[in-house]
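Visitor: Predicted coordinates and the sequence they were generated for:
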Amino acid sequence: MTPEELRACCLSLAGASETFPFGPDTSVFKTNGKIFAISALASPTLDVSVKCDPELGQSLRQTHAAIVPGYHLNKRHWITVTLNSDVADEQVRQLIEDSYDLVRARSRSRRA
């Protein structure tokens, strides 16, 4: 997966936007004002941090060397995935979509 493909994947989700609150080098993808993915797209090693169910995140970390606790994030609820390693692109897309769904569901429940 290229940086352009990662950006396109994130922005393809309904209502998704790209912001740069941590400076021009870090893309922060949001929906309803909530973060669902973070990546330094120009970095030599392409990583993406996503929100994840804690039990799934633990299982993924045990299964894939390229998945670690979220970098500078809540280690229980976020994971960081190094792309183009032992995690298939399709699984990365699914993790991004799952993160998006977790954030959207939480946003909706707070408005109810």
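Guide: Happy to help now that I have it.
Visitor: Give me the spatial nearest neighbour of residue 61, chain neighbours excluded.
Guide: residue 67 (5.2 Å; C-beta to C-beta, 6 or more residues apart in numbering). Where C-beta positions appear, they are placed from N, C-alpha and C, glycine not excepted.
Visitor: List the contacts of that neighbour.
Guide: 57, 60, 61, 79, 80, 81, 82, 87 (C-beta atoms under 8 Å, 6 or more residues apart in numbering).
Visitor: part of a strand, is the fourth one?
Guide: Yes - counting by DSSP: H, G, I helix; E, B strand; the rest coil, residue 79 is located in a strand.
Visitor: what is the residue nearest to residue 61 paired to in the beta sheet?
Guide: Note on residue 67: beta-bridge partners residue 81, judged by DSSP bridges.
Visitor: residues contacting the residue nearest in space to the middle of the chain?
Guide: Residue closest to the average C-alpha location in the chain (C-alpha atoms, centre = their mean): residue 50, at 2.6 Å. Residue 50 is in contact with 36, 37, 78, 79, 81, 95, 96, 98, 99, counting by C-beta under 8 Å, 6+ apart.
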